[in-house]
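Asks: From the sequence below, what's the structure:
(one chain, ligands or ions: 3)
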Amino acid sequence: RHGSTLPPRSSAFATATKEHVEHLKSLLSSPNGVMSTLDGSASTDDLQPFNDDWMNKYHGKSQIVVKPKTTQEVAEILKYCNGQGLAVVPQGGNTGLVGGSNPVYDEIILNLGNMSAIRSFDEVSGILQCDAGCILETVDNYLAEKGFIFPLDLGAKGSCQVGGNVATNAGGLRLLRYGSLHGTVLGLEVVLPDGTIYDSMGGLRKDNTGFDLKQLFIGSEGTIGIITGVSILAPKRPTAMNVAVFSLSSYEAVQKVFNETKAGLGEILSAFEFFDKQAYELVKRHIKEGGEADRKVFETEGEFYVLVETGGSNNDHDEEKLQNLLEKLMEDELILDGVLAQDQTQFHSLWKLRELIPESAGKAGSVYKYDLSVPVPKMYSLVEKMRTRLGDAGLWKEGGGGRIREVVGYGHIGDGNLHINICADKYDDEIEKVIEPYVYEIVAEERGSISAEHGLGVMKAPYIGYSKSPTSIELMKQVKKMFDPKGILNPYKYVVV
Ligand code: FAD
Ligand code: MLT
Ligand code: ZN
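Replies: Ligands and ions are numbered 1, 2, ... in the order given. Okay, the predicted model is just below:
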């Protein structure tokens with residue numbers, strides 16, 4: 001489902017035929033790189049994982065998946081599709097949360113999964129060059145062996161691709177420390193809709209000669225070009241990493257703890273995440289359902305939780321700082337309880353309390369996901385407003401029993417980025433109309449962003465005006481038209497021209 005605001009299939013696009021499939025096969029070094037129901041080389045079931053999204057909310061009807069192995073092949077495919085008027089959806093790991101990586105109708109899926117080579121790594125500068133289809137976790141493991149870290153981390157690291165990360169300008173769990181991809185990406189290789197290859201992989205740290213064109217592709221969600229190569233600056237991996245999780249009684253306390261943590265930990269702070277007790281309960285239930293023994297993490301549980309990570313170079317020094325912080329926060333009665341990881345296993349199990357929220361919410365129902373930027377003091381009031389709104393509509397009841405099973409709030413406090421997940425019995429228009437555009441209206445009241453890090457995709461394309469001015473939207477449309485005059489790349493999404 002794509003909501004009631006979806007434009008109809010454009011008659012400007014051709015409908016793919018068996019002949020198109022034959023031609024696409026002839027462009028690739030291996031005919032196995034094309035899967036299609038049109039020539040019987042694949043069944044509808046084979047194509048389903050490419051047509052459906054991670055949340056099972058969006059379902060495309062593509063009959064062709066193309067998996068090129070080289071940049072040249074991507075160029076040949078796009079040149080051909082552009083000439084034939086065939087629409088194309090670029091797809092990475094298909095972990096996107098706004099329906100951007102799936103076809104809306106019958107667009108051809110161009111999946112980057114077969115382009116997964118690390119091209120080079122320079123241990124002096126820390127510059128990594130890789131194919132766009134590299135899995136984030138694989139690249140990070142490669143860098144770990146060399147004492148470096150990928151400057152982005154997120155819960156989907158085992159499936160998402162570096163190209164997809166750049167295309168969505170993903171933020172993740174350590175943006176607070178390493179900054180946005182707009183700063184760390186040094187160069188890109190991109191195939192434009194007509195097959196032209198834009199190559200800025202040289203990756204200089206300083207380069208003020210003209211417009212910084214690569215920036216346009218970072219966060220462009222596959223609408224103006226297909227990223228095939230990424231050059232990125234990897235920092236040294238901290239040799240000492242630690243994590244603590246605190247329970248707290250109020251959102252006021254979360255903000256005070258954030259301030260104290262920045263002051264107490266200084267340069268070693270690498271993540272500051274928060275989640276509410278509803279999110280924590282979902283994770284506990286999910287872990288239990290997965291067969292793990294129920295373990296007591298906190299002596300005193302709270303209304304809220306924060307996760308603090310440190311990354312430094314001296315374990316004793318960092319541990320002392322974290323321990324001092326914990327003691328001060330207890331003394332000042334800002335936290336109810338705190339747990340410090342004692343070893344690697346605990347480090348990972350504490351992180352799981354935060355990282356498993358999306359998966360746990362998915363287990364609790366069909367999830368309406370909102371990814372918002374608002375000033376930190378206002379963040380949690382949006383979750384409360386949403387509960388009131390759903391309660392008034394008779395959809396949600398405190399303690400359960402309504403069509404909405406749970407409303408949870410969590411996110412990246414350090415970045416002013418709130419996630420609201422509304423777990424429903426199913427996706428339908430009745431629920432969606434109560435939530436949207438209300439959620440965007442309350443964000444606009446705070447002059448916030450309706451898409452902090454997940455992107456617009458098909459989900460938020462109609463609502464861009466809540467965050468961007470008419471002038472900005474007009475300029476974006478002109479950019480789209482300049483790169484993609486026929487509109488073949490990821491149509492119906494992002495900024496609809
Ligand atoms: P896909 O989902 O395949 O594609 C996403 C978009 O990028 C689509 O519009 C697609 O057309 C386009 N695209 C993909 N590859 C290319 C390419 N090579 N060239 C051009 N366009 C391309 N996001 C965050 O920002 N922070 C998080 O903390 C975070 N955590 C997540 C946790 C989970 C469990 C999940 C499921 C998702 C999470 N996400 C998060 C959302 C998602 O944006 C990221 O997982 C990731 O950046 C998407 O990468 P992907 O390879 O899966 O891209
Ligand atoms: C997260 O912070 O966990 C991600 O952005 C994913 C999500 O919100 O579902
Ligand atoms: Zn997030």
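Asks: residues in the stretch 51-200 of the chain within reach of ligand 1, list them.
Replies: When proximity is defined by C-beta under 6 Å from any ligand atom, the stretch 51-200 of the chain lies next to ligand 1 at 54, 89-97, 100-101, 112, 132, 154-156, 160-161, 163-165, 167-168, 170-173. Yep, even glycine has a C-beta here, placed from its N, CA and C like the rest.
Asks: correction: the stretch 201-350 of the chain
Replies: Along the stretch 201-350 of the chain, the residues adjacent to ligand 1 under the rule C-beta under 6 Å from any ligand atom are Glu221, Gly222, Ile226, Ile227.
Asks: which among the residues of the stretch 51-200 of the chain next to ligand 1 end up buried?
Replies: With burial judged by 16 or more other C-beta atoms under 10 Å, the buried subset of those is 54, 89-97, 100-101, 112, 132, 154-156, 160-161, 163-165, 167-168, 170-173.
Asks: quick one, phi/psi of Phe275?
Replies: When quoted as degrees, to the nearest 10, the phi and psi of Phe275 stand at phi -150, psi 150.
Asks: For it, name its beta-bridge partners.
Replies: Taking DSSP bridges, one finds Tyr305, Tyr410 as the beta-bridge partners of Phe275.
Asks: What backbone torsions are found at the closest residue to Gln161 other than its chain neighbours?
Replies: Nearest residue to Gln161 in three dimensions, chain neighbours excluded: Gly92, at 3.7 Å (C-beta to C-beta, 6 or more residues apart in numbering). Torsion angles at Gly92 (phi, psi; degrees, to the nearest 10) stand at phi -100, psi -120.
Asks: Kindly identify which of the residues of the stretch 51-200 of the chain next to ligand 1 also come near ligand 2.
Replies: Of the residues in those, proximity to ligand 2 by C-beta under 6 Å from any ligand atom holds for Leu97, Gly155.
Asks: among the residues of the stretch 51-200 of the chain next to ligand 1, which are in strands?
Replies: Secondary structure assignment by DSSP state E places Val89, Pro90, Gln91 of these in strands.
Asks: wait, which of the residues of the stretch 201-350 of the chain next to ligand 1 is closest to ligand 2?
Replies: For ligand 2, the closest of those turns out to be Glu221, at 15.2 Å, with distances computed as C-beta to the nearest ligand atom.
Asks: For the closest one, give its distance to Arg285.
Replies: 33 Å (C-beta to C-beta, to the nearest Å).
Asks: Same check on Asn490?
Replies: With the distance defined as C-beta to C-beta, Asn490 ends up 36 Å from Arg285.
Asks: Between those two, which has more neighbouring residues?
Replies: Each of Asn490 and Arg285 has its neighbours counted (other C-beta atoms under 10 Å); Asn490 has more, 29 against 14.
Asks: from memory that one sits against Gly99, does it?
Replies: No: if you go by C-beta atoms under 8 Å, Asn490 and Gly99 don't touch, sitting 10.6 Å apart.
Asks: Look up which helix or strand whichever residue of the stretch 201-350 of the chain sits closest to ligand 2 falls in, please.
Replies: Evaluated by C-beta to the nearest ligand atom, the stretch 201-350 of the chain has Glu273 as its residue closest to ligand 2, separated by 7.8 Å. With elements delineated by DSSP states H and E, Glu273 resides in strand 269-276, which encompasses its position.
Asks: Kindly report the same for Asp106.
Replies: Secondary structure (DSSP H and E) places Asp106 outside all helices and strands.
Asks: quick one: pLDDT of Glu292?
Replies: The per-residue pLDDT reported for Glu292 equals 84.
Asks: Just give me the neighbour total for Ile404.
Replies: When counting by other C-beta under 10 Å, one arrives at 25 neighbours for Ile404.
Asks: Show me the beta-bridge partners of it.
Replies: Taking DSSP bridges, one obtains Ala424 as the residues bridged to Ile404.
Asks: Contact partners for it?
Replies: For Ile404, the contact set (C-beta atoms under 8 Å, 6 or more residues apart in numbering) comprises Leu390, Leu395, Trp396, Ile422, Cys423, Ala424, Asp425, Ile431.
Asks: for those residues, which one is nearest ligand 1?
Replies: Relative to ligand 1, and with distances defined as C-beta to the nearest ligand atom, the nearest of those is Cys423, at 14.9 Å.
Asks: and the residue lying closest to the closest one once chain neighbours are set aside, what are its phi and psi?
Replies: Residue nearest to Cys423 in three dimensions, not counting chain neighbours: Gly365, with 3.7 Å by C-beta to C-beta, 6+ apart. In terms of degrees, to the nearest 10, the main-chain angles of Gly365 are phi 160, psi -170.
Asks: Kindly report the same for the one 5 residues further on.
Replies: The phi/psi pair for Tyr370 (degrees, to the nearest 10) reads phi -130, psi 140.
Asks: what does Leu340 give?
Replies: When quoted as degrees, to the nearest 10, the phi and psi of Leu340 stand at phi -110, psi 130.
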